[in-house]
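Asker: coords please:
(3 chains)
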Amino acid sequence: MIPIPHTWVLLLSAVLFMIGSMGVLLRRNGIAIFLSLEIMLNSANLVFAAFALKLAHEGQMAAAAAGQLFVFFIIAVAAAEAAVGLALFIAIHRLKESIDVDRLNILRW
Amino acid sequence: MPTHSDLVALAPELILILAAGVLLLVEAFLPRIRHAASGLALVSVAGAAWARLALPLPGAVWSGMLRVDRVTAFVDLYILVALFLSIWMAVGFLRRNGLDRAEFHALLLLAATGAMVMAASVNLLTIFLGLELLSMPLYVLNAYLRRVDVSLEAGLKYFVVGAFASGFLAYGAALLYGVAGSTDLATLAQSVVQEGRMTPLLAVGLAMFSGGLLFKLALFPFHGWAPDVYQGSPTPVTAFLSAVPKGAALVVLLRLVISMDLLHLTNRWLWAGALVAVASQFLGNIVAIVQRDIKRMLGYSGIAHMGYAMVGVIVGGTEGAGAVLVYLAAYTFMNMGAFAVIALLSESEREPHLIGDLAGQGWRRPIPALALTVCMFSLAGIPPFVGFTGKFLVFKSAVDAGLVWLAVVGVLNSLISAFYYLRVVYTLYMRPLPRREPAFPAGFSIGAAAATAAVAVVLAGIFPAPLIRAAEAAAQLFLG
Amino acid sequence: MEHLLTYVTFGPTAAALVLALLPERWERLHRWLALAVSLGLFALSLLIWKGFDPDITGFQMVDGPLAWIPQLGISYHLGVDGISLLLVLLTTLLIPVVILASWTSITEHVKGFHVSLLFLTTGMIGAFLALDIFLFYVFWEVMLIPMYFIIGVWGGARRIYAAVKFFIYTMVGSLLMLVAILYLAWFHHQLTGAWSFAYTDMLKTAPQLAMGTGLLSSPQLLVFAAFFLAFAIKVPMFPFHTWLPDAHVEAPTGGSIILAGVLLKLGTYGFLRFNRALFPAAWEAAVPLILVLAVVGILYGAWVAMVQPDMKKLVAYSSVSHLGFVMLGLAGGTLASTQGAVLQMVNHGLSTGALFLLVGVIYERRHTRLIADYGGIAGVVPVYTGIFLFVTLSSIGLPGLNGFVGEFLILAGTWAGHPLFVVLGALGVIFGAVYMLWMVQRVFWNPLVHEENRSLKDINLREVLAVLPLLVFIVWIGVHPTTFLSPMEAAVRLLLAR
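Answerer: Coordinates of the predicted model:
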C-alpha cells in the first residue's frame, strides 16, 4: 500500500464537498440534486477516513476505529436518505409530471 | 453488551420505538383498527413521559455516548409534550383530510425518538444518528398530503435543505474528529480547552457542524426554507416541526458551547453568534409583518424566536442555558397552541391559511380564538404569559453577562413583532365577519389540544417558578 | 382586614372570570354585576382609606413579600402610601362611573367590555400598589391588553389604527424600561451579592448607580432615561403625545374616561415613584429638561386645543396641557409643588373624566362630536348645560373648585426655584380658560342653527348618577383640600428628602 499523506485526502474531500454543494444549489433536476447530496456525504466520509488514517499512523487504533465506524454509519444513513428522497421524487413526479425543482417553486414571499 | 442501566436510560425511546413498530404493523395488517392508532400513540407518549420521570437518571450510559441526566430529562419531557400535542391535534385533522392512517403517528413517534436521542447525545456519532432519525420521518411527513402541491413542495424543500444540512453536519463532525481524535464531546472540549485558542481546523469544524444545526433551527443564514415549509406542510406536522427539532438542536449546541466555554475562548464567537441572533430576529420580525398567510407568518416568527433563544446560547453558562431551556418550553406551548387553533380554523389544506379568513371569529368561536389570542400575546412577550418569562430570562442573561446591547436589540425586536401578532388579534375581534362565512369544521381533539396549550401558557406565565427551578437544576449539569 | 390590598387588586380579576363564564346574551346581568363589583371595590378602597395612618412614613398594609420566583428574588409584594392611596381611590371611583356611562352606549359584546374593564382595573390598581419592580412591570404591561381591546373593539371608525398605535407607543417605552429593570437588578446583585427586585431594596441601591459625565457614560442617566421614556409616553409629555388624540377620539366614552382618568396618571406616578425616588442625582440633572417639556406641553396642548373642531380631541389636548402642569409641579421639587402635582393628578382624573363623560352624553344623542354641529343648546338641555359649565369651571381652575387648589400649589411651589416657568405655566391657565369657555360658548350659547338640536333630550338620571360622584369630589377637594393633602404629606416628604 502506498502511504497517502492524509492532507491530500483532506484536500480531495474539500473539493468534493464544494462540488456537491454547488450541485445542490445550482442543478435543477431532482436526481442530479440528489447525486450532489450523496457526493457531499461521501466527502465527509473521506475526511473521517483521512483522520482515521492519521490516527492509525500515530498508533491510536481505538480512535481510528471510531472514525471508520462513523463512515459506515454515514453510508447507512445515506442509503436511507436515498430511499426516502426518491420516494418523495416519485410522489412529486406523479403530481407534476416532472422533477424539475424550479417548476415546483410555487411558494414565494 | 448493553447494561441494565443503559436500557433503563433509554426506556422512553424504546417505548416509542415499540409503539411505532406496532403501529406500522397495524397499518399493514389490521387496517380496520387504524382509527385506534392515535389512542395507542398517545398512550405510548404518556408512558414514555412517565418512564422518564419515574425511572432513575443514570448519567453516562451506552459507553459514554449518551448522557441521561436532568438536562436530557427536561428536554425529553418537552419533546414528549410537543409530540403529545401534535398527535392530539392531528386526530381531527387527518380524519378531515381522509388520511387517518397509523403510519402518520408511527412516523411522528420515530421522529421524536430521534430528537430524544439527539438531546441525550454527547458523542458526534449519536448526534448525527439522532438528527437523521429525527429528519427522515419529517421529510415524509411534510409531504404527507400527497395530492396537495404545496405540501409536496414543503417536503421537497425540507428534504433538500435537510440533507444539505446533514452533509454540513457530517463534514463538520469529521473535522472535529480530526481536532479531538475522538468523536466524544467531552474529549473534544478537553482538547480545545487545553489548546486555549481557536485553531483554523476547529473553527471550520465548529462552523460547519453548527451550520448543520442552524439549518434545523432555521436561523440566519440558513432560514430560507422555514416559511415555505411551514406554509405547505400539514398543520400538525408544522406544529411538531416548529418545536421538536429546535429543542434537540439547541441542546446539542448548548452542550458544545458551554463545554468549550466559547464566549471566553474567542471574541469571534460573540460576533458570529450575535450576527446570527440579531439578523434572525430582524429578518424574521420584519418580513413577518407583510405576510398574509398565518402559517408563513409563524414560520418567520419562529426564525425570530430562535434568534432570541440564540442570545441565551451566546451568553452560555448556567444562566444562559437555563434561560434557553425555559425559552424552549415556553416557545413549545405558545406555538403548539397557535398551530392547533390554525388547524381548527382552516377550511381546506389546498388554500392558503389567510389571516383575513379569521375575521370576526373571535366572537363566533370564542374559545379557540381566545387560545390563539393568548398564544399571540405570549409570542409577543407580553406578561403575564410564559413568552414573557422566556424573553425576560434570556434578556436578563444577556444583561448579566455585560451584553446589554443584545438585550436592547432583543426588546426592540419584540416591539417590531408586536405588529404582526396584534394583527391576528385585531382580525379576530375587531374586524367584521366576511359576507361568506368560512365553513370551519368542528373538532374536539384539536380544540382540546389548543386549550391545553393555552392554559399552560397562562399558568406557566403566572407561576413560572417550577419551570425555572427545573431548568436551572438542569442547566447546572451542562458544566458538570 | 388582612390582605386587603390583594382583595382590591385581584377582586376585579375574580369577578372578570365569573363574568366570562356567564352566557353572552345575559347582558343586563353583566352590567349590573359589573356595577355591583365595582361599587364593592370602591367600598373596599374606602376601607383602605379608613385604615390608613397618615403619620406613618413608608408603606402600609403591606401584603407579602411572598416569594414568587425565588431564584431571581422576585416576590409578590403590595403596599400603599399616601400617594398611591389617592390614586387607588381615584381608580375605584371611576370604574362605576365608566360602567354607568357605558350603560346604553356599549351594545355589542357587552360581556367582553366588562371583562376587559375588570382586568384593566386589576392592572391599574396593581401597578399603583406594587412594591416589587418586576411585579410593577407585569401590571404595567398587563394593562395594555384590555385597553387595546376596549379601544379596538368598541371604538369608532379608525379604532384599529388607534388601538395599535396606543399599544405600540406604550410598548416602546416599556420595553426599554424592562432592560433598565434588568440592569438595576444586576447592579443590585453586584453590590449586595443577592438577587432582588424589591422596591425597598432598590431604594437603597439604585441611587448608587454611577453618574458619569455624558449620557452614554453614565449608567444612572441611562437607566433614568429608559424609565423616563416609558413614563413620558404614558403621561403623555410632548413630544411623545401623538398617540393620545387618536386613542381618545376613537375610544368609546367609557374607555376615554378611564384612559384620561387613570391610565395617564400611571405615567406621572411612575415619574414620582421611580425616576424621582430611585435616581435623585439623575433627576437633579434632568429637572431643566422636564421643566421645558412640561411648559411646552402646557402651552402646546392649549394652543392645539384651541383650534380643534372635535370636542373630544379638544379635551384630549387639554389633557396634554393639564398633565404638563403636573410635570411642572413634580419638577418644581418643593413640598407644595409636589403635593399640588399629586392632587392635580386626582383633579384631572375627576374633571377630565367628567368632561369625557359629558361629551359622550351628547354624542350618544347626536352621534357627532363636532362643535360646529351644535350651538345654542343651552335652552334645550338646561341641566346638562349646568353640569357641563360646572365641570368646565373646575377644569380651568376656578377658585373654590378642585382645579384651583392643584394649580395654585404647583405654581406657588415652583415659583421660588423657577419663576420663568411659573409665568409660562400661568399663561397656560389663561389659555385653558380661553379654549374651554370658547367651546362652551359655541356649543351652548351661539344661535341654534341645527334643527336636530331642538329635540335633544336632556341628561337623564343614569347619566347624572354617573357624573355625580365626580362633581361631589370636585367640590370637596376645592373647599376642603386638606382631607386629601394630609394623607400624602408624609409620603411626599419622604420622597423629597432623597
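Asker: could you use CA atoms for every contact and neighbour count after this?
Answerer: OK.
Asker: contact partners for B:L134?
Answerer: Contacts of B:L134 were listed using CA atoms under 8 Å, 6 or more residues apart in numbering or on different chains, and they are B:110-115, B:245.
Asker: quick one: the residues you listed as TSV, columns for distance to B:T389 and secondary structure too.
Answerer: Formatted as TSV, the entries for these read as follows, by distance: CA to CA, whole Å; DSSP: H, G, I helix; E, B strand; the rest coil:
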residue	distance to B:T389	secondary structure
B:L110	31	helix
B:A111	29	helix
B:A112	26	helix
B:T113	28	helix
B:G114	29	helix
B:A115	25	helix
B:P245	22	helix
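Asker: C:D132 pairs with what?
Answerer: Applying DSSP bridges to C:D132 yields these beta-bridge partners: C:A198.
Asker: right, and it touches C:L72 too?
Answerer: No - no contact is recorded between C:D132 and C:L72 when judged using CA atoms under 8 Å, the distance being 11.8 Å.
Asker: common neighbours of those two, please.
Answerer: With CA under 8 Å, 6+ apart as the test, C:D132 and C:L72 both reach C:F197.
Asker: of the two, who's got more company?
Answerer: For the pair C:D132 and C:L72, the greater number of neighbours falls to C:D132 (25 against 16), based on other CA atoms under 10 Å in any protein chain shown.
Asker: quick one, what contacts that one?
Answerer: With contacts taken as CA under 8 Å, 6+ apart, C:D132 has the following neighbours: C:74-78, C:197-199.
Asker: by neighbour count, which of those wins?
Answerer: The member of the contacts of C:D132 surrounded by the most neighbours (other CA under 10 Å) is C:L78, with 27 neighbours in all.
Asker: hmm, C:L4 and it touching each other?
Answerer: No - because the distance of 10.0 Å does not satisfy CA under 8 Å, C:L78 is recorded as not touching C:L4.
Asker: can you give me the neighbour number for the residue of the stretch 101-250 of chain C at minimum distance from chain B?
Answerer: Nearest to chain B, among the residues of the stretch 101-250 of chain C, is C:V153, at 5.0 Å (CA to the nearest CA). Per other CA under 10 Å, the neighbour tally for C:V153 reads 22.
Asker: from the contact counts, what lies against the helix or strand hosting A:A83?
Answerer: Assigning secondary structure by DSSP states H and E places A:A83 in helix A:61-96. Packing contacts for helix A:61-96, counted by 3 or more CA pairs under 8 Å, 6 or more residues apart in numbering or on different chains; DSSP states H and E, involve helix A:30-57, helix B:124-142, helix B:149-180.
Asker: need those in CSV (columns: mean pLDDT and distance to C:Q441).
Answerer: Compiled in CSV, the helices and strands packed on helix A:61-96 are given as follows (pLDDT from 0 to 100; distance: least, CA to CA, whole Å):
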stretch, mean pLDDT, distance to C:Q441
helix A:30-57, 90, 80
helix B:124-142, 94, 70
helix B:149-180, 90, 66
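Asker: what's the closest of those to B:F209?
Answerer: Comparing the helices and strands packed on helix A:61-96 against B:F209 with CA to CA, the closest turns out to be helix B:149-180 (4.3 Å).
Asker: quick check: residues of chain B near chain A?
Answerer: Taking CA under 8 Å from any CA of the partner chain as the criterion, the neighbours of chain A within chain B are B:125, B:129, B:132, B:136, B:139-140, B:143, B:146-147, B:149-150, B:152-153, B:155-156, B:159-160, B:163-164, B:166-168, B:170-172, B:174-175, B:177-178, B:181-183, B:228, B:291.
Asker: give me the buried entries from those.
Answerer: Buried by 16 or more other CA atoms under 10 Å in any protein chain shown: B:125, B:129, B:132, B:136, B:139-140, B:143, B:146, B:149-150, B:152-153, B:155-156, B:159-160, B:163-164, B:166-168, B:170-172, B:174-175, B:177-178, B:181-183, B:228, B:291, out of the residues of chain B next to chain A.
Asker: near chain C, list only the ones from the residues you listed.
Answerer: The subset of those within reach of chain C, by CA under 8 Å from any CA, is empty.
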